[in-house]
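Engineer: One predicted model, sequence on top.
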There are 2 protein chains.
Amino acid sequence: MTSQQTWSIAQLAEEHGVTHRTIRHYEELGLISPERRGTTRVFHRRDRIRLALILRGKRIGFPLEEIRKIVDMYDEQPGEAGQLSYLLDRIEDRRADLERRRQDIQDSLDELAELDRRCQADLAALRSPTHRQ
Amino acid sequence: MTSQQTWSIAQLAEEHGVTHRTIRHYEELGLISPERRGTTRVFHRRDRIRLALILRGKRIGFPLEEIRKIVDMYDEQPGEAGQLSYLLDRIEDRRADLERRRQDIQDSLDELAELDRRCQADLAALRSPTHRQ
DNA sequence: CTTTACGTTTACGTTAACGTCAAGTAGCAG
DNA sequence: CTGCTACTTGACGTTAACGTAAACGTAAAG
């Protein structure tokens, strides 16, 4: 009884605002692997979570192949020490990548704020010297 | 004498780690418009700055058409009040977009940190109970 | 004067990430 | 049985962002 809920392809597509073609594409690339009942796909909680991760990865700007590696990280079994420290290295790589992107975005936001200030100033200058109101 | 420096296409390509084809592609799309001396392109400070902005936009994940609008924002002349408030609206849109991306990245970083913690714990569990050193 | 380096345009090729048919199946309603 | 709805598998089309090759101009160097 621990959340036996399943979803159809149409439900997941609707919920995440993508087409069924998109979801099937992700399956072709091995990003998700839903159960099959006969020929029909049945999506479980795990698939749904992976889909959400995939779409966030896309918003961030990762290519699907990269995203596959990333979501796979979350599903790997602990295993032995070697695998664990390998996984830790990959986590660190990923973290560094995300930090770089965060910095780029922060820089953009800062410049945007500066541009905003200048515009506000120009606007004020247009109004103030001509008429006091 | 206020920084008359110019660059060749090869210099800019080298400096930013892209090919000349890439730079010419950006020109075709109207993202940069270097001077011409005869048939040869001559890049000025302005072009160099735009190229840097373009590449950062790419790292963030914007499509080139979007990037063109963005870099154009920085070059628009103040003009009259209508144009200014229009520009301010576009700045706000862009800011909201960047904030969303920032949030996605932050969420990813948080989850990554959590995964990291679990791995460290698993690694420790593998070493500690078996032998004390 | 020919080679070498650097530049140019034109144009077809490639990869990623789907879109868009076409054609078929499986279950249920009437 | 018929029709409808939701699902399936091909397979070709499309867009973005360049790669790559061909064919040519120009200017300094040997």
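Structural biologist: Here it is on my side, so go on.
Engineer: DNA strand C versus A:Thr39, what's the distance?
Structural biologist: Remark: distance between A:Thr39 and DNA strand C (Cβ to the nearest atom of the strand, to the nearest Å) = 6 Å. Where you see a C-beta, it was placed from the backbone N, CA and C, and this is true even at glycine.
Engineer: Same question for A:Ile70.
Structural biologist: 12 Å.
Engineer: Would you mind confirming that that residue is in contact with A:Pro63?
Structural biologist: No. Counting by Cβ atoms under 8 Å, A:Ile70 stays clear of A:Pro63, with 10.7 Å between them.
Engineer: Pull the number of nearby residues for A:Ile105.
Structural biologist: For A:Ile105, the count of nearby residues is 23 (other Cβ atoms under 10 Å in any protein chain shown).
Engineer: I misspoke; the intended subject was A:Gln83.
Structural biologist: For A:Gln83, using other Cβ under 10 Å, the count is 14.
Engineer: For the helix or strand harbouring it, enumerate the helices and strands it packs against.
Structural biologist: Applying DSSP states H and E as the criterion places A:Gln83 in helix A:81-127. In this structure, helix A:81-127 makes packing contacts with helix A:64-75, helix B:45-60, helix B:64-75, helix B:81-127, judged by 3 or more Cβ pairs under 8 Å, 6 or more residues apart in numbering or on different chains; DSSP states H and E.
Engineer: Of all these, which one is nearest A:Ser85?
Structural biologist: helix B:81-127 (6.8 Å; Cβ to Cβ).
Engineer: what about that closest one, distance to the chain center?
Structural biologist: Counting by Cα atoms, centre = their mean, to the nearest Å, helix B:81-127 is centred 16 Å from the centre of its parent chain.
Engineer: now it against helix A:45-60, angle please.
Structural biologist: Helix B:81-127 runs at 130 degrees relative to helix A:45-60, counting by axes from the mean of the first three to the mean of the last three Cα atoms, to 10 degrees.
Engineer: Return the residues in contact with the residue of chain A found nearest chain B.
Structural biologist: The minimum distance from chain A to chain B, using Cβ to the nearest Cβ, falls at A:Gly61 (2.7 Å). Applying Cβ atoms under 8 Å, 6 or more residues apart in numbering or on different chains, one finds that A:Gly61 lies in contact with A:101, B:59-61, B:101.
Engineer: quick revisit: neighbour count winner among A:Ile70 and A:Pro63?
Structural biologist: Counted by other Cβ under 10 Å, A:Ile70 and A:Pro63 do not tie: A:Ile70 has more neighbours, with 22 against 9.
Engineer: hang on, isn't A:Arg100 packed against B:Arg59?
Structural biologist: Yes. Between A:Arg100 and B:Arg59 there is a contact under Cβ under 8 Å: 7.5 Å.
Engineer: Which one's more surrounded, the two?
Structural biologist: Neighbour count, other Cβ under 10 Å: between A:Arg100 and B:Arg59, B:Arg59 has more, with 15 against 12.
Engineer: Excluding residues flanking it in the chain, which one is nearest that one?
Structural biologist: Excluding the flanking residues, the one nearest B:Arg59 by Cβ to Cβ, 6 or more residues apart in numbering or on different chains is A:Asp104, at 5.1 Å.
Engineer: residues contacting that neighbour?
Structural biologist: Counted by Cβ under 8 Å, 6+ apart, A:Asp104 has contacts B:56, B:59-60.
Engineer: export these to JSON lines and tack on pLDDT?
Structural biologist: Below are the contacts of A:Asp104 laid out as JSON lines (pLDDT from 0 to 100):
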{"residue": "B:Arg56", "pLDDT": "97"}
{"residue": "B:Arg59", "pLDDT": "95"}
{"residue": "B:Ile60", "pLDDT": "94"}
